[in-house]
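# With the sequence up front, the predicted model follows.
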Amino acid sequence: MSAPAAAILGCAGPRLTERERRFFREADPWGFILFARNCESAGQIAALVADLRAAVGRDAPVLIDQEGGRVARLPRDAGRAWAPPLEAVARAGDRAAEMLRLRARIIAHELAALGIDVNCAPLADIATPTTHPVLRDRCYGATPGAVAARARAVAEGLLAGGVLPVLKHIPGHGRATADSHRALPRVGAAAADLRLTDFAPFAALADLPLGMTAHVVYTALDDRPATISPAMIRLIRDELGFAGLLMTDDISMQALSGSVGERAAAARAAGCDVVLHCNGDAEEMAAVVAAAGSLTPAAEARAAAALARRGAGEAVDIAALQAKHDALLSATGHD
């Protein structure tokens, strides 16, 4: 049996078109990702997830960005609304990690009910006074130790609910002052400072099963964004020790130049295992699949190890977890 395409793809709307079914059957992407455009109601989402898997004839992973806060894709009948993480950890103080673990466990319960088994969280990016607003309130704190502990708690909460976490944005997006959806961020900090601060939480979380690269240039280390930089991918693997399946951030974001096919090829050549393409555009998806090729044997092994950590989740009293979470938000403490 041939390896799946080294791609994670979106679809255009809340239901698959016949064209999309045929394309996914032929292209056989490793996984899929959902956005708000795909999510109308709980029943519709569950049906779409089942249809995506049926199109490739296997239990393919289905991803979503349900971070808890501003970045959330589920409608209100399928997922709770949450205060932004940076605000919530300030309110929870010394109990922030426990609060985030509870939040992640509840989110995992909501996702699992829909058949979604991968969540693009935790973020291990460090908030700074100049972090771009598109990211800042999504962060878990301003110090490496606090961020690592809280990100670990999010990952544990998701895994306890049978949902795989995706560590992002490796090796650190917090110093970026530009929005990588629209422009290429350049970080000019010294390599020693990056290793001491920005990169440290990712090294502490290097055992997580899935990770996502940052479309950020670290000028002290390379002149290319990490996603397409062989030097930065080697740093992620060899220095930070990340051994999981490594996916790109969305390859259609404007931080990267060239066609989506050229971007996908560059990311794979740099060492990314899988190319993430999110907008559901049919022509772009075809170009990404053609350029990305199939999973390598090493990537297949990393993918299998990650998917083996999916599970049914422990039975819990969600109402009790919610009450405990809400009580922790009234705590006081310091980052």
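Yep, that arrived. Numbering: from 1, shown residues only.
# give the contact list for the closest residue to Ala121 other than its chain neighbours.
Closest residue in space to Ala121, ignoring its immediate chain neighbours: Glu67 at 4.9 Å, by C-beta to C-beta, 6 or more residues apart in numbering. C-beta here means a position set from N, CA and C on the backbone, and glycine is covered the same way. Counting by C-beta atoms under 8 Å, 6 or more residues apart in numbering, Glu67 touches Pro85, Asn119, Cys120, Ala121, Leu123, Arg138.
# now stretch 23-43, how far from the chain's geometric center?
15 Å (C-alpha atoms, centre = their mean, to the nearest Å).
# buried stuff in that stretch?
23-24, 27-34, 38-40, 42 (16 or more other C-beta atoms under 10 Å).
# Now do the contacts for the spatially most central residue of the chain.
By C-alpha atoms, centre = their mean, the mean C-alpha position of the chain lies nearest to Cys120, the distance being 2.7 Å. The neighbours of Cys120, taking C-beta under 8 Å, 6+ apart as the test, are Ile33, Leu63, Ile64, Asp65, Gln66, Glu67, Val166, Lys168, Met212.
# separation between it and Met1?
Cys120 sits 28 Å away from Met1, taking C-beta to C-beta, to the nearest Å as the criterion.
# and the residue nearest to Ile126 when sequence neighbours are not counted, what is it in contact with?
Sequence neighbours aside, Gly174 is the residue nearest to Ile126 in space, at 4.0 Å (criterion: C-beta to C-beta, 6+ apart). By C-beta under 8 Å, 6+ apart, the contact set of Gly174 is Asp125, Ile126, Ala127, Thr128, Thr131, Leu135, Cys139, Asp198.
# Output those residues as JSON lines; include the columns distance to Arg19, secondary structure and neighbour count.
Shown next, in JSON lines, are the contacts of Gly174 (distance: C-beta to C-beta, whole Å; DSSP: H, G, I helix; E, B strand; the rest coil; neighbours: other C-beta atoms under 10 Å):
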{"residue": "Asp125", "distance to Arg19": "37", "secondary structure": "coil", "neighbour count": "29"}
{"residue": "Ile126", "distance to Arg19": "43", "secondary structure": "coil", "neighbour count": "24"}
{"residue": "Ala127", "distance to Arg19": "42", "secondary structure": "coil", "neighbour count": "23"}
{"residue": "Thr128", "distance to Arg19": "44", "secondary structure": "coil", "neighbour count": "16"}
{"residue": "Thr131", "distance to Arg19": "40", "secondary structure": "coil", "neighbour count": "21"}
{"residue": "Leu135", "distance to Arg19": "35", "secondary structure": "helix", "neighbour count": "20"}
{"residue": "Cys139", "distance to Arg19": "39", "secondary structure": "coil", "neighbour count": "24"}
{"residue": "Asp198", "distance to Arg19": "42", "secondary structure": "coil", "neighbour count": "26"}
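# Spatially, which two of these are the most separated?
The span of those, defined through C-beta to C-beta, is set by Leu135 and Asp198 at 12.6 Å.
# where along the stretch 151-300 of the chain do the helices fall?
191-196, 200-204, 230-234, 260-270, 282-292, 297-307 (DSSP state H, counting those that start in this stretch).
# thinking again about what came up before, any common contacting residues for Leu135 and Asp198?
Contacts common to Leu135 and Asp198, judged by C-beta under 8 Å, 6+ apart, are Asp125, Gly174.
# Point out where the chain drops to low pLDDT.
The chain contains residues with pLDDT under 70 at 331-335.
# if we compare the helices of the stretch 151-300 of the chain, which one ends up closest to Thr17?
helix 282-292 (9.0 Å).
# which helices and strands sit right next to the closest one?
strand 5-9, helix 18-27, helix 260-270, strand 275-277 (3 or more C-beta pairs under 8 Å, 6 or more residues apart in numbering; DSSP states H and E).
# What residues of that helix count as buried?
Glu284, Met285, Ala286, Ala287, Val288, Val289, Ala291, Ala292.
# Stretch 189-197 now?
Ala189, Leu194, Arg195, Thr197.
# gap between the third one and Pro201?
Yep, that's Arg195 we're talking about. Counting by C-beta to C-beta - Arg195 and Pro201 are separated by 12 Å.
# swap in the second one?
Distance check for Leu194 against Pro201: by C-beta to C-beta, it reads 12 Å.
# Same check on the first one?
From Ala189 over to Pro201 the distance is 15 Å, taken as C-beta to C-beta.
# can you pull out the strands in the protein?
Assigned by DSSP state E, the chain shows strands spanning 5-9, 29-34, 62-64, 118-119, 164-170, 186-187, 210-213, 217-218, 245-247, 275-277.
# Dump these into a markdown table; add distance to Leu111 as well.
As requested, the strands of the chain are exported to a markdown table (distance: least, C-beta to C-beta, whole Å):
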| stretch | distance to Leu111 |
| --- | --- |
| strand 5-9 | 16 |
| strand 29-34 | 10 |
| strand 62-64 | 7 |
| strand 118-119 | 6 |
| strand 164-170 | 10 |
| strand 186-187 | 32 |
| strand 210-213 | 14 |
| strand 217-218 | 32 |
| strand 245-247 | 18 |
| strand 275-277 | 18 |
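# So for Pro297, which of those strands sits nearest?
Nearest to Pro297, of the strands of the chain and by C-beta to C-beta, is strand 5-9 at 11.9 Å.
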